[in-house]
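Asks: whatever this is, show me its structure:
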Amino acid sequence: MTLGEMLVVLVLIGLLSSGAAAVGTAGVRMANRESFESECGALRDTLNDARDRALMQSSKRDAVVDFYSDMAVVKIWDDRKDQYTSQIIHFEKLTASAAKGAADPNYHYQVRFSAQGTINKGQTIRLNGPGQLKKSLVLQPVTGRIWLSP
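Replies: Have a look, this model is predicted:
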């Protein structure tokens, strides 16, 4: 083989390997985005469920959700057991923080859903995912509406 042929082979191998790497990273980004979107939607659905269960409680107890940077703890009153039951939701692809300011690893925020379906106070919680993925979880106090930013 001549030096020219060897250079052509090396260039072709380099082009093929860089193309495979680009396709691989795009797939990882898409998988991260899908996981992040799914986790955000599941969190919103869990909060809506907590609000609805607070509305249905015959004892008129509040449902409470404690947000931390890496998890949420949902506490709902169980009339049969006469105590709160807890459900812990660990975040895999997201971290929660206050909408304003820098992300805080010690973040804690408590949301209380009343028996009337209202929220104790309005809040916007920033949900950060891998890379530049971000969403806002908005809690509206009077209406009890919970929604995710697009």
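Asks: could you find the closest non-adjacent residue to Tyr109?
Replies: Spatial nearest neighbour of Tyr109, excluding adjacent residues (Cβ to Cβ, 6 or more residues apart in numbering): Phe67 at 4.5 Å. Yep, even glycine has a C-beta here, placed from its N, CA and C like the rest.
Asks: can you pull out the helices in this protein?
Replies: With DSSP state H as the criterion, the chain has helices at 3-56.
Asks: could you list the low-pLDDT ranges of the chain?
Replies: 1, 19-26, 58-59 (pLDDT under 70).
Asks: point to the residue nearest the middle of it.
Replies: Nearest to the geometric centre of the chain sits Cys40, at 3.6 Å (Cα atoms, centre = their mean).
Asks: residues touching that one, list them.
Replies: Leu94, Leu127, Gly129, Lys135, Leu137, Leu148 (Cβ atoms under 8 Å, 6 or more residues apart in numbering).
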